[in-house]
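**Student:** missing the sequence, but the structure's below:
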């Protein structure tokens, strides 16, 4: 049975590190991840998308797009995260 390293699989499927294809994959992965955090917290609080949208002054489809990783600009992420009692922390490497 052949063993694979994650790096090798990523290189094969999405191109070499820093390539346009790999960067697009990375961006999509982060958007998905942030959306899942938002969805999970909203459900943990037993809050509907409609209620969250009302709190942030948006419409329900907006919340759906954020949760699906389709609208994850920093300003949107901060707005929704704050409404859910989440904080975002930036640190240096």
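**Tutor:** Here it is on my side, so go on. Not measured: the values here are computed from a predicted model.
**Student:** residue closest to the middle of the protein?
**Tutor:** residue 34 (2.3 Å; C-alpha atoms, centre = their mean).
**Student:** for that residue, helix, strand, or coil?
**Tutor:** At residue 34 the chain is in helix, as set by DSSP: H, G, I helix; E, B strand; the rest coil.
**Student:** Spit out the contact partners of it.
**Tutor:** By C-beta atoms under 8 Å, 6 or more residues apart in numbering, the residues touching residue 34 are 69, 72, 77. Where C-beta positions appear, they are placed from N, C-alpha and C, glycine not excepted.
**Student:** Compare those residues and tell me which has the most neighbours.
**Tutor:** Greatest neighbour count in these, by other C-beta atoms under 10 Å, goes to residue 72: 21 neighbours.
**Student:** wait, isn't that one in contact with residue 33?
**Tutor:** No: the pair residue 72 / residue 33 is not scored as a contact, 9.3 Å apart, by C-beta atoms under 8 Å.
**Student:** show me where pLDDT drops low in the protein?
**Tutor:** Along the chain, segments meeting pLDDT under 70 span 71.
**Student:** which residues of it fall in helices?
**Tutor:** Residue ranges of the helices in the chain, as given by DSSP state H, are 6-14, 20-44, 49-56, 60-67, 74-83.
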